[in-house]
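In: coords below, sequence missing:
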C-alpha cells in the first residue's frame, strides 16, 4: 500500500514576518527534496481538508477556537505571543494543518494507505488545550489522535515526539488520558518550565542536555521509549516529526544527523508493524535550517516506502 503525502497550498501562505524561522519555504524544500530523490511518484498525494469545529473541539474548548478565529486580522499581523502571529491567511492554514491529520487517520484506518505524512504548517505540538503558543495555533497531532479515538473507536494511541522542544501542548491535552502513551525527547534546559515529570506507563519524557547527539538520543529511545511501547501495544502510532534537533538547526543545540531520523523512523515502523498493522500518521513540527530539514524529512518519508 502507498504512503499518503498530505498538504495544501494554504500552508505556504501563513506568514509571521520577515526573518521568522517558521517560514513558508519549509513546505517547499521537503517537496523539492522528494522530487530530487524521485520519490514523489511513490506517494499518494492528497489535499488537506479544513478541520471542522467539532473535530477541533475534541481537544480545544469551543471558546478557544472562536477566540483564534476572532484574532484573524484583515491585514498585517496579530500577535498571540512574541513568537506567534497571525496574518490574514493563517487561520485557513491552521485549519488545513489540523484537517490533514484527520484525513490521514481516515486514510490509514480505512486501509487505503498504510502510513501518512502531513507536510503542513503551522506546526501544532505547542498548542495547549486553551492556549496558542510557540508558532502553534491548533494541536494538529492531538486533533488526529482524538479523531482516531473518538470517531474510529481505538483504545490505545501512542505519540512519539522527537522535536528539539517539548510538545507541551500535546502533553497538556492528553496527560490524564490513559488511552494515550506519549514518548518525548527534547533539549533541556532550553525553556526553564519545559521538563515535566514522566507518568509511569503513559508519559515518557526524556530531556537531553545541550550538545547531545546520536548516542544519547538513541539510548533514550532504546532504553525508555521502546520498552514502554512494547508494554502499551498501541493500535496506532502518531509522530510529531520535528527536525530541529539536527546539528545544523539554529533554534536548538542538539547534534542529531539525517541518519538518526532514518533510525528513529525504522524503530517506529518496527513497532507499528508488530502492534499497529503498520499504521502511522506523522506530521511536520519543527525544523528551521532548510537544507537539514529537507534531507531529514525526506529520509523520514523515504524509509516506509522501501524504494
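Out: That came through fine. Bear in mind the structure is a predicted one, so any value in this text is a computation, not a measurement. Numbers count the residues shown, from 1 in each chain.
In: where in the chain is pLDDT low?
Out: The model of the chain has pLDDT under 70 over residues 306-307.
In: where along it do the helices fall?
Out: Using DSSP state H, the helices of the chain run over 25-36, 53-56, 62-71, 90-110, 140-150, 168-174, 214-220, 226-232, 258-275, 290-302.
In: contacting residues around residue 265?
Out: For residue 265, the contacting residues are 299-300, 303-304, by C-beta atoms under 8 Å, 6 or more residues apart in numbering. Placement of C-beta: from N, CA and C, glycine included.
In: One more: residue 286?
Out: By C-beta under 8 Å, 6+ apart, the neighbours of residue 286 are 123, 163-165, 242-244, 249, 251.
In: Over to residue 6?
Out: For residue 6, the residues meeting the contact criterion (C-beta under 8 Å, 6+ apart) are 46-48, 100, 103-104, 116-120.
In: Same check on residue 237?
Out: 157-160, 268, 271-272, 276, 279-281.
In: go again using 7 Å as the cut-off
Out: With contacts defined as C-beta atoms under 7 Å, 6 or more residues apart in numbering, residue 237 is in contact with 158, 160, 268, 271-272, 276, 279-280.
In: just residue 156 next, same as before
Out: Taking C-beta under 7 Å, 6+ apart, we find residue 156 in contact with 179, 232-235.
In: gap between it and residue 279?
Out: 12 Å (C-beta to C-beta, to the nearest Å).
In: Equivalent analysis for residue 177, please.
Out: Distance of residue 177 to residue 279, given as C-beta to C-beta: 19 Å.
In: Mind checking which of these two has more residues around it?
Out: The neighbour comparison of residue 177 against residue 279 (other C-beta atoms under 10 Å) goes to residue 279, with 23 against 14.
In: could you list every residue that touches that one?
Out: Contacts of residue 279 by C-beta under 7 Å, 6+ apart are 108-109, 114, 236-237, 272.
In: Residue 77: what's it in contact with?
Out: 16-17, 85-87.
In: How about residue 226?
Out: Taking C-beta under 7 Å, 6+ apart as the test, what residue 226 contacts is residue 267.
In: do the same with residue 139
Out: Counting by C-beta under 7 Å, 6+ apart, residue 139 touches 59, 124-125, 127, 169-170, 173.
In: Please apply the same query to residue 211.
Out: By C-beta under 7 Å, 6+ apart, the residues touching residue 211 are 253, 255.
In: and it, how far is that from residue 92?
Out: Taken as C-beta to C-beta, the span from residue 211 to residue 92 is 39 Å.
In: how deep is residue 141 tucked in, by neighbour count?
Out: Residue 141 has 34 neighbours, counted by other C-beta under 10 Å.
In: Check the one 10 residues further on too.
Out: Here the number of neighbours of residue 151 (other C-beta under 10 Å) works out to 15.
In: So for stretch 19-31, what gets flagged as buried?
Out: Buried residues in stretch 19-31, counted by 16 or more other C-beta atoms under 10 Å: 21-24, 26-27, 29-31.
In: Wait, residue 101 touches residue 142, no?
Out: No: using C-beta atoms under 7 Å, residue 101 makes no contact with residue 142, being 8.5 Å away.
In: List the residues that are in contact with both of the two.
Out: Counting by C-beta under 7 Å, 6+ apart, residue 101 and residue 142 have no shared contacts at all.
In: ok so, going back, show the buried residues in the contacts of residue 156.
Out: For those, a neighbour count by 16+ other C-beta under 10 Å gives the buried set as 179, 232, 234-235.
In: In a markdown table, list the residues you listed along with distance to residue 294.
Out: Below are the buried ones among the contacts of residue 156 laid out as a markdown table (distance: C-beta to C-beta, whole Å):
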| residue | distance to residue 294 |
| --- | --- |
| 179 | 35 |
| 232 | 33 |
| 234 | 29 |
| 235 | 32 |
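In: Thanks again, I'm all set now.
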